[in-house]
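Visitor: when you get a sec, could you give me coordinates for this:
(4 chains)
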Number of protein chains: 2
Amino acid sequence: MKPVFAAKTHDHAACVADALGEAETLCQARGVKLTPLRRAVLELVWDSHRPVGAYDILDQLSKQRGRVAPPTVYRTLDFLLANGLVHRIESLNAFVGCSVGPDVPHSGSFLICTDCGRAAELNDNRIAAAVNLTLQGSGFRPDRHTIEVAGRCADCAAGPEAE
Amino acid sequence: MKPVFAAKTHDHAACVADALGEAETLCQARGVKLTPLRRAVLELVWDSHRPVGAYDILDQLSKQRGRVAPPTVYRTLDFLLANGLVHRIESLNAFVGCSVGPDVPHSGSFLICTDCGRAAELNDNRIAAAVNLTLQGSGFRPDRHTIEVAGRCADCAAGPEAE
DNA sequence: ACAGACATGTTATATTATAACACATGAAGC
DNA sequence: GCTTCATGTGTTATAATATAACATGTCTGT
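Guide: Down below sits the predicted model:
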């Protein structure tokens, strides 16, 4: 079985540390600032492999720094989105860390488990390729795509133990 | 050029009449009721080939029947969605009539023009096939998908005349 | 010091969606 | 006929998501 979702036993601390490190590097390369606020939000997004809502982030952030207002969170998410560090999951109005790598521009394609809530980003252009194939001759100029497949991940399909 | 988007000159009245007729037939076949309210909402959704927001529907509906509250609209949309008569465009929080045919269960795949706002539903065999192919060996059991490609339709890409 | 750019804070509000309960209507059984 | 039940609709209130507009702070280059 191909590992698509993060193994339930993986070293998540390292996983987050990696993501933050890469983000730091990327921001330096681009001459943009990964401020403490942005870093904190990115870390909260990476807190799990589940897409997280803006207001969940807001709640967590408030615990760390006292009252935070929605624009703070949305602006920060806008920055992270613009730099490819997170993706928005349209079907959930939620956000998840980019696990493909922000240096390659891409829209993100996701599998979302409706049981455990985890999301897995596909590093695979076959779906996008099929979309492009379907477009051929239509004159449509694609700009970005939203590809989100909901279902049950292998773990959840296998053992329906309590969430 | 394959006709993906409805031609700007097509007979839209006939287009809507068709959709309503098919809906009527389908509902009878299924033993569910296409009530006047549901018919009115479906007609409003089909009013254009642009995805339309729930509150836009609400406004229009209010003109026809006096004060209407949000739950009325959302419930009606839920019915139409459940019966495959409309699709939800996640990236726009909006709804559009199903032009593939509600008798075949499908999640819908859309092209959305960011210039003129129109949406075109793809007859998505190849896309669904690519999704399945990509998932092979992953153990993921897909249930439904959200595929929305934003870009410029042929008309808008060709002539940037005023919207 | 100052200007300018950028990041953040603050207040208010817009937009999208649902929960919970009330009432109406029509078919199924008695 | 009346009851009962399921279904559809109405109504009130509120939740959840998102943005506009403006104020303040903070760094950087000169």
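
Visitor: so which elements touch the helix ranked longest in chain A?
Guide: Of all segments of type helix in chain A, defined using DSSP state H, the longest is helix A:12-30. For helix A:12-30, the packing partners by 3 or more C-beta pairs under 8 Å, 6 or more residues apart in numbering or on different chains; DSSP states H and E come out as helix A:36-45. C-beta here means a position set from N, CA and C on the backbone, and glycine is covered the same way.

Visitor: for the helix it packs on, the averaged confidence score.
Guide: What helix A:36-45 shows for mean pLDDT is 97.

Visitor: check which residues of the next helix or strand after it are buried.
Guide: Counting by DSSP states H and E, the element after helix A:36-45 in chain order, helix or strand, is helix A:54-65. Going by neighbour count (16 or more other C-beta atoms under 10 Å in any protein chain shown), the buried part of helix A:54-65 is A:Ala54, A:Asp56, A:Ile57, A:Leu58, A:Gln60, A:Leu61.

Visitor: returning to that earlier point: quick check: buried residues in the longest helix of chain A?
Guide: Buried residues in helix A:12-30 (16+ other C-beta under 10 Å): A:Val16, A:Ala19, A:Leu20, A:Ala23, A:Leu26, A:Cys27.

Visitor: where does chain A have its least confident helix or strand?
Guide: For chain A, the helix or strand with the lowest mean confidence is helix A:126-135, at a mean of 86 (criterion: mean pLDDT, DSSP states H and E).

Visitor: and the angle for that one with helix B:125-135?
Guide: 170 degrees (axes from the mean of the first three to the mean of the last three C-alpha atoms, to 10 degrees).

Visitor: distance between the longest helix of chain A and the chain's centre?
Guide: Offset of helix A:12-30 from its chain centre (C-alpha atoms, centre = their mean, to the nearest Å): 14 Å.

Visitor: remind me which helix or strand the residue nearest in space to the middle of chain A belongs to.
Guide: Centroid-nearest residue in chain A, with C-alpha atoms, centre = their mean: A:Val96, separated by 2.5 Å. Under the criterion of DSSP H and E, A:Val96 resides in strand A:94-97.

Visitor: and the helix or strand following that strand with helix B:125-135, angle?
Guide: The C-terminal neighbour of strand A:94-97 among helices and strands, as given by DSSP H and E, is strand A:109-113. For strand A:109-113 against helix B:125-135, the angle by the same axes, to 10 degrees is 70 degrees.

Visitor: give the other helices and strands that strand A:109-113 contacts.
Guide: Applying 3+ C-beta pairs under 8 Å, 6+ apart, we find strand A:109-113 packed against strand A:86-89, strand A:119-121, strand A:141-152.

Visitor: as CSV, these with distance to chain B, mean pLDDT and mean neighbour count would be great.
Guide: CSV is the format used below for those (distance: least, C-beta to the nearest C-beta, whole Å; pLDDT from 0 to 100; neighbours: other C-beta atoms under 10 Å in any protein chain shown):
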stretch, distance to chain B, mean pLDDT, mean neighbour count
strand A:86-89, 9, 98, 24
strand A:119-121, 8, 96, 22
strand A:141-152, 4, 95, 20
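
Visitor: the least confident helix or strand of chain A packs against which elements?
Guide: When contacts are defined as 3+ C-beta pairs under 8 Å, 6+ apart, helix A:126-135 packs onto strand A:141-152, strand B:109-113, helix B:125-135, strand B:141-152.

Visitor: of all these, which one comes closest to DNA strand C?
Guide: strand B:141-152 (12.7 Å; C-beta to the nearest atom of the strand).

Visitor: so what touches that closest one?
Guide: A:90-91, A:111, A:114, A:127, A:131, A:135, A:140-152, A:157, B:89-91, B:107-115, B:122, B:124, B:127-128, B:131-132, B:135 (C-beta atoms under 8 Å, 6 or more residues apart in numbering or on different chains).

Visitor: point out where chain A drops to low pLDDT.
Guide: Applying pLDDT under 70 to chain A flags the ranges A:1-2, A:160-163.
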